[in-house]
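Undergrad: next comes the sequence, and after it the predicted model I'd like to discuss.
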Amino acid sequence: MFKNALHIPSQLLAALAVLFPLALANAADFPTRPIRVIVPFVAGGGTDLLARFVSPRLGELLGQQIVVDNRGGAGSAVGTQILAKSAPDGYTLGVFDTAFAINPSIAEKLPYDSERDFVFVAIIATSPSLLVTHPGLKVRTIQELVARAKSQPGKIKFASAGVGSSSHLTGQMLMTAAKIELLHVPYKGAGAAILDLLGGHADVTSVVPGSVMQQIQAGTLVPLAITGTAPHYTLPSVPTFASVGLGAVNPGQFRFLVAPAGLPVAIQKKLAAAIRTVLEPQEFRKHLSDNGFDVELLVDADARAYIVREIRKWRQAVKDAGAK
């Protein structure tokens, strides 16, 4: 009755018997060397900022150095592809953001599968989007920006972190909601967009508040509006988009720790537990909040479910915004 049963060679069984305990031992010892964390943007943006806040604490907890590796390009797709093709051993990780969920809807073809090629270790934080301008544009409010854009269609340069980034979608949503036309100028990350904005080569951009707080305090950038249901406590005088009749401008941002598909479950759980410990201290949570990040920790299956929902949500949002 068992003649059709699958026959597994004794040599293979013997090999598996040796390898399985080794895999468990490797997971228990992990990590034994430095870890690389890919940020798929140039340095200076919100995702880079969060990675550099979290990495030293995570490295201290795991007993190994963690090196942040900025790999910007193609709206985060370059760095994302590098991670997808890396060995799934826990020594190459990524800190990604909302662009990961947007890209499947905005790119003609991606060199990876967003749902199959990754292990989503943990959702780390959410953050609002802040619209800022260069003082040389001589607008001090969002209403003045909209009026200027209507009088000069296609003249105001909107810098984004790249095609498909949350800042790109914020600009698209603003154009749709306010019925204005801006000139989209994509960069390899928010840091590059901010630098050109500071130099007066761009007019407006959308960022995480913490990445430009010093410039706002120095008067070299002017905040105009922020996403969310209420003003952020670090910028209490800056109105929300909703409060000025532009409630459709509310893309939302999230950031997460990710690994290549095939990561051993034991290492995934060890990393998720370590992230939980890193985010526990109240003073560190406040430090993140002061820089525009609100801790929202989800791990394992909950993290995957969150990402999958975001990918599906952005399909409709991209269609509504008319982003290309």
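TA: Received it, and whenever you're ready, just let me know what you need.

Undergrad: drop to CA atoms for contacts and neighbour counts, all remaining ones
TA: OK.

Undergrad: so what's the most centrally placed residue in the chain closest to, chain neighbours aside?
TA: The chain has D97 as the residue nearest its centroid, 1.4 Å off, counting by CA atoms, centre = their mean. Nearest residue to D97 in three dimensions, chain neighbours excluded: R255, at 4.2 Å (CA to CA, 6 or more residues apart in numbering).

Undergrad: same thing with L182?
TA: G154 (4.6 Å).

Undergrad: does that neighbour count as helix, strand or coil?
TA: Assigned by DSSP: H, G, I helix; E, B strand; the rest coil, the conformation of G154 is coil.

Undergrad: hey, where'd the strands end up in the protein?
TA: 35-39, 66-70, 92-97, 118-127, 130-133, 157-160, 183-186, 204-207, 222-226, 253-260, 294-299 (DSSP state E).

Undergrad: TSV for those, including distance to P281 and mean pLDDT?
TA: Shown next, in TSV, are the strands of the chain (distance: least, CA to CA, whole Å; pLDDT from 0 to 100):
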stretch	distance to P281	mean pLDDT
strand 35-39	22	98
strand 66-70	20	98
strand 92-97	20	97
strand 118-127	14	96
strand 130-133	26	96
strand 157-160	33	96
strand 183-186	37	94
strand 204-207	26	94
strand 222-226	27	97
strand 253-260	19	96
strand 294-299	11	95
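
Undergrad: low-scoring stretches of the chain, by residue?
TA: 1-26, 320-324 (pLDDT under 70).

Undergrad: go again using 50 as the cut-off
TA: 1-6, 18-25 (pLDDT under 50).

Undergrad: and the longest helix for it?
TA: Longest helix in the chain, counting residues (DSSP state H): helix 300-321.

Undergrad: centre of the chain to that helix, how far?
TA: 13 Å (CA atoms, centre = their mean, to the nearest Å).

Undergrad: now for the closest residue to D117 other than its chain neighbours, how many residues are close by?
TA: Leaving aside its sequence neighbours, D117 sits nearest to A261 (CA to CA, 6+ apart; 4.9 Å). Counted with other CA atoms under 10 Å, the neighbours of A261 add up to 19.

Undergrad: rewinding a little: winner for burial among the strands of the chain?
TA: Mean neighbour count (mean count of other CA atoms under 10 Å) peaks for strand 204-207 among those, with a mean of 28.

Undergrad: list the strands paired with that strand, with their directions.
TA: strand 130-133 (antiparallel), strand 157-160 (parallel) (DSSP bridges).

Undergrad: to I66, which of those lies closest?
TA: Closest to I66 of the strands paired with strand 204-207 is strand 157-160 (CA to CA; 28.0 Å).

Undergrad: and for the closest one, what are the contacting residues?
TA: For strand 157-160, the surrounding residues in contact (CA atoms under 8 Å, 6 or more residues apart in numbering) are 167-168, 171, 182-187, 189-190, 193, 197, 202-206.

Undergrad: what do you get if the cut-off is 10 Å, keeping everything else the same?
TA: Taking contacts as CA atoms under 10 Å, 6 or more residues apart in numbering, the residues outside strand 157-160 that touch it are 75, 133, 149, 166-172, 181-194, 196-197, 201-207.

Undergrad: for A107, list the residues it contacts.
TA: A74, G75, A77, V163, G164, K324.

Undergrad: I figured the fifth one was touching F100, is that so?
TA: Yes: the pair G164 and F100 passes the contact test of CA atoms under 10 Å, sitting 8.4 Å apart.

Undergrad: any residues in contact with both of the two?
TA: In contact with both G164 and F100: G75, S76, A77, using CA under 10 Å, 6+ apart.

Undergrad: narrow these to those in helices?
TA: Counting by DSSP H, those place A77 in helices.

Undergrad: turn the shared contacts of G164 and F100 into CSV, including distance to I123.
TA: Putting the shared contacts of G164 and F100 into CSV (distance: CA to CA, whole Å) gives the following:
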residue, distance to I123
G75, 20
S76, 18
A77, 19
